[in-house]
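Mind folding the following:
(2 chains)
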Amino acid sequence: MASAVAPYTRSVRLAIGLILLLGTLLAAVIAAEDRRPRAEVVFAQVADCYTLDPQRMTYMQDLRLARGLFEGLLRTDPDTGAIEPGVARSWTVSDDGLEWRFQLDPRARWSDGSPVVAEDFRSGLRRALLPDTAADYSGLLMAIAGAPEFFTWRSEQLAAFKPSEGAAERAWAEAETQFRSAVGIECPDEREVIIRLSRPVPYLGNLLAFPVASPVHRPTLERFTSLDPESGRRVEDPGWMQPGTMVSNGPYQLARRRYKRDIRLERNPHFRDPTQIASESIEAVVVEDPSTAVLAFVAGEFDWLTDVSAGYRTEMLEQQQADRTRHAGTLAAAAASGVDLDTALASLPPPADDERRDIHALSTFGTDFYHFNCNDRLPDGGLNPFADPRVRRAFALACDKRMLVERVTRLAEPVADSFIPPGVIPGYEGPAGLGFDPERARLELAEAGWIDRDGDGRLENAAGEPFPVVDLLYSTGSSRYRDLSLALRSMWQEALGVEIECRGQEQRFYKEDLRRGRFMIGRGGWYGDYLDPTTFLDLCRTGDGNNVRGYSSERVDALLIAAEAERDPQRRFEILAECERIVCEEDLPILPLCRFVTIVMYDPAEFTGLTRHAMLDHRLERLRTPRSTGPATQADAEAER
Amino acid sequence: MIRFVLLRLLQLPLIVFAVFLATFTLAWLVPGSPLEQGEGRRPPPEIEKAMRAQYRLDDPVVFAADYLAGASGIDWLRGRGGRVFDLGPSLRQPDLSVNEILAAGLPVSLALGTAAILFGLAIGVAAGICGGLRPDSRLDLASQMVALVGISVPSFVVGSGLLLWLGVSWHLAPVAGWGGVGHVWLPAFALSLPLAAYIARLLRYGIIEQMASDHVRTARAKGRSRLGAAWHHAMRNAFLPVLSYLGPASAAVLTGSFVIEKVFSIPGIGRHFVDAVLAKDLTLVMGVVLVYSSLLICLNLAVDVLYRWVDPRIETA
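Here you go, the predicted structure:
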């Protein structure tokens, strides 16, 4: 018995010891948490920021924060997309459209109080144009005179680099000289920036409003930059983006950043125009689980949910529709008298129990589409009927898009027959597209030579080869594309009598298959980056990195080049509209389905400042809740209205 | 004992290296590129080339050797400076190093796991004792029922249910996030249920068995009350299987809370790992695997050592 006593006593001691140890650990972790009062605006996003580096960012959530942290030479008006002054309070464009001069606002300050000067912009642009930075959006700046040549020059210089004592420093000094002499960016003095272009770019303002053209705070960045003696490249330690270190010139500065958790911004005390800022602090919280995000919003933890992807959102939208229908008369009257929708919604009596007013479907500047593989043959050498534009037209004509958005996606997205969302780019009139016409679809297919020649119910071409089983590729990340693909399959089988096999692939395998051309029809989708048709049409250029369809049209390429040279904006839009017409009515390398919508949640009576413009360029400094105490007061905002 | 511990510590790098090689090979073979982004957008070819060069993604052997030299501390020993164990930059989160990500996530996962173990012990022991002392009573049936549910219902269902019921309807806990005591208890409770259920069942069977054994019957015959006999004679032996279960269970709870972390939006490390695999963030995958495998090996070693201390009759092989 005695031997059993020891283990028992020891195990009790051990258990008590362990519990005490674990309890202390737990208490220590919780005690170490940073606790600040709730921010004046708290919103939830489904994914964490990828980077806060304005030159390198590409994601929607990053760009949104960047517009709060940094201010470029110009900005776009979030409600209209028009260009408005940023740090540059005025600017002039030369008659040939090749030289843009910007005069900086002398009030512009970094968050450490130092003035924002012209050289900060040049450094930002240089950083974006250096291959060392590997800035994804550097392509937007390649119209700057000498920019593509400089990029190539530096890439070659780095490729030929041989490590030796001081070699990296010499190479960098050479690159700096090359940049100054060859690239069309000049700073005659602290308050003026001159940008020279190699061709006129009427939408340069939109490009400069993009975070990739943000200025950089040179003293901070230089502290974190070194030259890699092995490769000769400039290497930056991401430490410059840490809270307390990062210096920004936008309305906000970075106060806290916790990975996959939250980012907190606080007002930049030196911002050039404090009256623009509605809220002192803003927190972006990451909630990846779609259902948790909705539950937390309903429990009152967030003011705004940036993306609702929970499966039951369609039911929630139906409840929203019920509320809108009940108040249709009031809302129409408000709209007629120029009151914006959110203000009108906020003034309505509370919604009934089975209705809701806190969910909103916002149309975006994005088009959901399917790719057609335009290559003559498939990678395995198989016959590709979609190399023939008539077959692609037939498939497009046999697609009932209205049925898809009403019964399959159930989000009632605006149906799209053209590539570029209509009515968003001021002054641009796109083509009508093809529409739904199964009769004409069958004719097109017959014209392409696909006819049931031997009466076996299958289509054959003149050589007697049967129409191959169509390989329809989609990604399995969400149920959207599975549902759409299955619906398209039954639509096409019924209307055209072809056999279709849907092939769902996990995201990475799907992308790999797309890139290698292993598909006949594949799920696509594109969001425009700036308010110009080229943000979509460049995808149809022969050899474009995002042209996975193998589409190549001499006419389209020639029109895109002609548009680059055209000085008259109206004429330029006409050329581009013709280009889009070829794409959407004749060649159909893509099958446009609908515009993407973003579903968001906020209570219009409690939360204001979002835009409903398709670019969804929400400005953080405009966001306001009842907790907001920013210098721009509620009264100001109302007076402005 | 010391020889045993030393031997096991010597094995550690070998096991970790084997784990590293296996994971690296699998992660490298997964198609796709960590440089690629959502919605089909690809960086222009020349940018992608620059990025590949920056992260040394062109050659798996160079990449793996570089990574291992940094992660194992060899680079540091050779006087390259920097961190002792440098797990590299995250390929998907260019602003952060893997060390920073792990430093932020590990305490959260550990705290959540710890709270879950404490909850599991409290609930499990209480339910086990009730059931063991009064088998087949209503209380016992109820606790067995709860245990069955705790074991068999997946944690995302339990988690979502608790969120909806206690968080949204009753406002007893915040729905999402991390930070205060309020944020900890609900997810920890959800995570502890399977643990509590196992402990309750182990303890219940142990007590029932012990209460029917000769030495307890002798004690009762000598005049010990039922509770006294249970406390002084039955529980001693009934607790031993619970103790041996706690070792591996703690390791599992501390490292395997991915689902709960996702449902409750807790910035722990389990979620990072799954996301990293999906995004092919090689450095983060390797970093988590290295840290977790080292942690698991050390925890198992600690459990073995404690066993020996608790019960010297146990042979340490």
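
which stretches of chain A have low pLDDT?
Within chain A, the stretches with pLDDT under 70 are A:1-8, A:631-641.

For chain B, give me its nearest residue in it.
A:Arg508 (3.2 Å; CB to the nearest CB). Any C-beta I mention is one placed from the backbone N, CA and C, and that applies to glycine too.

Run a quick neighbour tally on that residue.
When neighbours are defined as other CB atoms under 10 Å in any protein chain shown, A:Arg508 has 17 of them.

can you check B:Leu29 too?
Residues lying near B:Leu29 (other CB under 10 Å) number 8.

Next up, phi/psi of it, please.
Here is the backbone geometry of B:Leu29 (degrees, to the nearest 10): phi -70, psi -20.

And it, how far from B:Leu282?
From B:Leu29 over to B:Leu282 the distance is 11 Å, taken as CB to CB, to the nearest Å.

residues in the stretch 201-350 of chain A within reach of chain B, list them.
A:231, A:233, A:238, A:241, A:258-262, A:285-289, A:291-293, A:295-296, A:298-299, A:301 (CB under 8 Å from any CB of the partner chain).

In contact with B:Tyr67, which residues?
B:24, B:87-88, B:282-283, B:286 (CB atoms under 8 Å, 6 or more residues apart in numbering or on different chains).

and stretch B:277-291, C-alpha only, in CSV?
C-alpha atoms of stretch B:277-291 as CSV (Å, rounded to 0.1, in the frame of the first residue of the first chain):
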residue,chain,number,x,y,z
VAL,B,277,-1.1,26.1,-46.2
LEU,B,278,-4.0,27.3,-48.4
ALA,B,279,-2.0,30.4,-49.5
LYS,B,280,1.2,28.4,-49.9
ASP,B,281,3.0,30.6,-47.6
LEU,B,282,6.0,28.3,-47.3
THR,B,283,8.0,30.1,-44.6
LEU,B,284,5.0,30.4,-42.3
VAL,B,285,4.0,26.7,-42.9
MET,B,286,7.5,25.7,-42.1
GLY,B,287,7.8,28.0,-39.1
VAL,B,288,4.5,26.7,-37.5
VAL,B,289,5.5,23.1,-38.2
LEU,B,290,9.0,23.6,-36.6
VAL,B,291,7.6,25.3,-33.5
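
Show me which positions of that stretch end up buried.
The neighbour-count check on stretch B:277-291 (16 or more other CB atoms under 10 Å in any protein chain shown) flags B:277-291 as buried.

Return the member of these nearest to A:Arg442.
Nearest to A:Arg442 among the buried residues of stretch B:277-291, counting by CB to CB, is B:Leu278 at 42.5 Å.

per-residue confidence at B:Asp281?
Looking at B:Asp281, its pLDDT reads 85.

Name the nearest residue to it, ignoring sequence neighbours.
Nearest non-adjacent residue to B:Asp281, counting by CB to CB, 6 or more residues apart in numbering or on different chains: B:Arg92, 4.1 Å away.

Next one: the one you found from A:Asp513, what distance?
Applying CB to CB to B:Arg92 and A:Asp513 gives a distance of 22 Å.

for B:Gly131, same thing?
55 Å.

And those two? Which one has more around it.
For B:Gly131 versus A:Asp513, the count of surrounding residues by other CB under 10 Å is larger for B:Gly131: 25 against 20.

Do any residues in the helix or strand harbouring that one lie close to chain A?
Using DSSP states H and E, the element containing B:Gly131 is helix B:98-133. Yes: using CB under 8 Å from any CB, helix B:98-133 reaches chain A at B:100-101, B:104-105, B:107-108, B:110-111, B:114-115, B:117-118, B:121.

of all these, which two lie farthest apart?
Spatial extent of the residues of helix B:98-133 next to chain A (CB to CB) is set by the pair B:Glu100 and B:Leu121 at 32.8 Å.

Please name the residues that touch B:Ile101.
By CB under 8 Å, 6+ apart, the contact set of B:Ile101 is A:259, B:90, B:93, B:272, B:284, B:287.

The helix or strand containing the fifth one versus helix B:98-133: what angle between them?
Here B:Leu284 is covered by helix B:282-310, with elements defined by DSSP H and E. Using axes from the mean of the first three to the mean of the last three CA atoms, to 10 degrees, one finds that helix B:282-310 and helix B:98-133 are set 40 degrees apart in direction.

Nearest residue to the residue of chain A closest to chain B in space, please, no chain neighbours.
Going by CB to CB, 6+ apart, A:Arg508 has B:Gly32 as its nearest residue, at 3.2 Å.

host element of that neighbour?
Going by DSSP H and E, B:Gly32 is not in any helix or strand.

So which residues of the stretch 201-350 of chain A form helices?
Listed in chain order, the helices of the stretch 201-350 of chain A (DSSP state H, counting those that start in this stretch) span A:204-208, A:218-223, A:290-298, A:313-326, A:328-336, A:341-346.

tell me how far the third one is from the chain's mean position?
Helix A:290-298 has its C-alpha centroid displaced from the chain centroid by 23 Å (CA atoms, centre = their mean, to the nearest Å).

what do you get for the fifth one?
In terms of CA atoms, centre = their mean, the gap separating the centre of helix A:328-336 from the centre of its chain is 32 Å.

For the stretch 501-641 of chain A, which segments are assigned as helices?
A:507-515, A:534-537, A:554-565, A:569-581, A:634-640.

Could you do the stretch 201-317 of chain B as well?
B:214-221, B:226-229, B:235-255, B:258-263, B:269-279, B:282-310.

Take those helices and write them to JSON lines, including distance to A:Thr476.
Output for those, formatted as JSON lines (distance: least, CB to CB, whole Å):
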{"stretch": "helix B:214-221", "distance to A:Thr476": "58"}
{"stretch": "helix B:226-229", "distance to A:Thr476": "58"}
{"stretch": "helix B:235-255", "distance to A:Thr476": "28"}
{"stretch": "helix B:258-263", "distance to A:Thr476": "18"}
{"stretch": "helix B:269-279", "distance to A:Thr476": "12"}
{"stretch": "helix B:282-310", "distance to A:Thr476": "21"}
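
Of those, which shows the lowest average pLDDT?
Minimum mean pLDDT among the helices of the stretch 201-317 of chain B: helix B:235-255, a mean of 78.

Report how many residues lie close to B:Leu227.
Other residues close to B:Leu227 by other CB under 10 Å number 9.
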